[in-house]
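Chemist: Below are the sequence and a predicted model for it; my questions follow.
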Amino acid sequence: MASDSDDSRVVSEDDFEWTTTERGDTEFRRKQLGRAAGSEELGCSLYELPPGKAAWPYHFHTGNEEAVYVLSGSGTVRTPDGETTLSPGTYVALPAGEDGAHRIRNDGDDPLRYLAVSTMNDPDVMGYPDSGKVGVHAGAPPGGPTEERVFSAYFREADAVDYWEGED
């Protein structure tokens with residue numbers, strides 16, 4: 001533990017293992033610090049991206065605000081305003097809604113390490129502008145315990161139907 005006390009709200013990144021996500025140019029390691037420390041309304045994850053790789057696909061949340069703070073390495077963040085260079089000490093605010101759309105890429109030669117912080121509002125609807133998808137989580141927010149979700153699905157916006165379709 002990070003301290004001599006028996007305080008379960010205090011964790012160290014050394015207390016648990018990384019989880020890894022790999023798919024195409026998306027590859028990262030993650031430690032969910034907020035969840036491990038018992039946070040309920042604030043999420044915090046430590047991310048590490050290898051050189052040439054990116055985090056989650058370009059997306060935004062309608063119900064959750066996020067922020068990123070770069071610890072080490074370099075890269076870029078893509079937002080609706082374009083691409084911005086990331087370096088140690090860079091803080092990025094990502095509001096809920098389309099203006100907060102983002103994707104982080106490691107364009108450097110060393111691992112890119114950053115903290116991602118978010119509100120943990122439930123439910124949340126995510127938009128994916130590049131692929132025209134919508135994601136919905138209810139019962140637990142993104143980054144929350146998946147076993148508590150009562151609904152989690154992704155849909156192509158082009159498949160939308162009228163409200164009354166299929167109803168009597």
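Modeler: Now that the structure is in, tell me what you want to look at. Given the structure is predicted, the values throughout are model-derived calculations rather than measurements.
Chemist: Can you report how many residues lie near residue 68?
Modeler: Residues lying near residue 68 (other CB atoms under 10 Å) number 20. C-beta here means a position set from N, CA and C on the backbone, and glycine is covered the same way.
Chemist: partners of it in the sheet?
Modeler: residue 92, residue 116 (DSSP bridges).
Chemist: correct me, but it touches residue 116?
Modeler: Yes - the pair residue 68 and residue 116 qualifies as a contact (CB atoms under 8 Å) at a distance of 5.4 Å.
Chemist: Output the contacting helices and strands for the helix or strand of the chain with the lowest mean pLDDT.
Modeler: Lowest on mean pLDDT, DSSP states H and E among the helices and strands of the chain sits helix 33-36, with a mean of 91. On a contact count with 3 or more CB pairs under 8 Å, 6 or more residues apart in numbering; DSSP states H and E, helix 33-36 meets strand 42-49.
Chemist: and for the strand it packs on, what are the contacting residues?
Modeler: For strand 42-49, contacts defined as CB atoms under 8 Å, 6 or more residues apart in numbering pick out 13, 18, 27-35, 55, 73, 75, 104-106, 111-120, 141, 143-144.
Chemist: Any buried residues in that strand, and which?
Modeler: Using 16 or more other CB atoms under 10 Å as the test for burial, strand 42-49 gives 43, 44, 45, 46, 47, 48, 49.
Chemist: Tell me what residue 156 is bridged to.
Modeler: Residues in beta-bridge contact with residue 156 (DSSP bridges): residue 133.
Chemist: what stretches of this protein score poorly on pLDDT?
Modeler: Across the chain, the ranges flagged by pLDDT under 70 are 1-7.
Chemist: Now do the same for residue 158: helix, strand or coil?
Modeler: Judged by DSSP: H, G, I helix; E, B strand; the rest coil, the three-state class of residue 158 is helix.
Chemist: ends of stretch 92-106, how far apart?
Modeler: The straight-line separation of the ends of stretch 92-106 (CA to CA, to the nearest Å) is 15 Å.
Chemist: likewise stretch 151-168?
Modeler: 24 Å.
Chemist: List the contacts of that stretch.
Modeler: 123, 131, 132, 133, 134, 135, 136, 137, 138, 139, 146.
Chemist: Show me which of the contacts of strand 42-49 are buried.
Modeler: Buried members of the contacts of strand 42-49, counted by 16+ other CB under 10 Å: 27-35, 55, 73, 75, 104-106, 111-120, 141, 143-144.
Chemist: Which members of those are positioned in strands?
Modeler: Among the buried ones among the contacts of strand 42-49, the residues falling in strands (DSSP state E) are 27-32, 75, 104-105, 112-119.
Chemist: Brilliant, that's me finished.
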